[in-house]
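K.L.:
Below are the sequence and a predicted model for it; my questions follow.
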Amino acid sequence: MVLLVLTCIKSTKGPLSTAALKHHLLLLQSRFVSSALIDPEMERQEMERLQNKIKTSSDQSTISADKDLKQLFASNIHHIHLAMNDLNVANKSSWIKFKAVMFDFNSFYFHA
């Protein structure tokens with residue numbers, strides 16, 4: 001019975017959580033491309049929240065099979081690396097923490 005309830009919850013909330021994470025990653029990507037100001041601490045907190053939602057509402061295999069999500073993570077991680085290579089970057093420790101959150105999720109779901 002518990003398994004049935006969990007399966008029902010995942011089947012309805014999974015796509016919503018995935019869409020929210022993709023939307024946020026697209027917005028983040030556009031801010032990187034346009035050189036907009038990015039607060040790495042705020043982004044880390046939001047990314048943790050969104051990642052936790054998708055982890056609890058989707059199976060690992062479903063997340064890993066999402067090619068669009070994989071591409072969005074790869075692109076944003078690339079932009080984070082570029083931002084961290086800037087010698088004048090402020091909040092270096094916040095950028096390191098943000099990178100770790102992104103890299104850990106990416107490694108677990110897309111490079112396992």
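P.N.:
Nice, thanks for sending it over.
K.L.:
Could you double-check that Leu21 sits in contact with Lys70?
P.N.:
No: in this structure, Leu21 is not within contact of Lys70 by CB atoms under 8 Å, at 11.8 Å. In this view, the C-beta of every residue, glycine as well, is placed from N, C-alpha and C.
K.L.:
Between the two, tell me which one has more neighbours.
P.N.:
Leu21 (24 against 16; other CB atoms under 10 Å).
K.L.:
where's the nearest residue to the more buried one once chain neighbours are set aside relative to Ile38, distance?
P.N.:
Setting aside the residues directly before and after it, Leu21 is nearest to Leu50 in space (CB to CB, 6 or more residues apart in numbering), at 4.6 Å. Here Leu50 is placed at a distance of 16 Å from Ile38 (CB to CB, to the nearest Å).
K.L.:
So the two - more neighbours on which side?
P.N.:
Taking other CB under 10 Å, Leu50 and Ile38 do not tie; Leu50 has more neighbours (19 against 16).
K.L.:
Quick one: residues contacting that one.
P.N.:
Neighbouring residues of Leu50 by CB atoms under 8 Å, 6 or more residues apart in numbering: 17, 20-21, 24.
K.L.:
secondary structure element for it?
P.N.:
In the assignment (DSSP states H and E), Leu50 maps to helix 40-57.
K.L.:
Quick one: low-confidence residue ranges for this protein.
P.N.:
For the chain, applying pLDDT under 70 flags the ranges 1-12, 112.
K.L.:
try 50
P.N.:
Where the chain drops to pLDDT under 50, the residues are 5-6, 8-10.
K.L.:
the helices in it, which residues?
P.N.:
Under the criterion DSSP state H, helices of the chain are mapped to 2-33, 40-57, 60-64, 67-85, 92-110.
K.L.:
which residues touch the shortest one?
P.N.:
Outside of helix 60-64, the residues within contact range by CB under 8 Å, 6+ apart are 14, 18, 54-55, 69-70, 109-110, 112.
K.L.:
Go again with 7 Å.
P.N.:
For helix 60-64, contacts defined as CB atoms under 7 Å, 6 or more residues apart in numbering pick out 14, 54, 69, 109-110, 112.
K.L.:
ok, now which ones touch Phe32?
P.N.:
Phe32 makes contact with His79, according to CB under 7 Å, 6+ apart.
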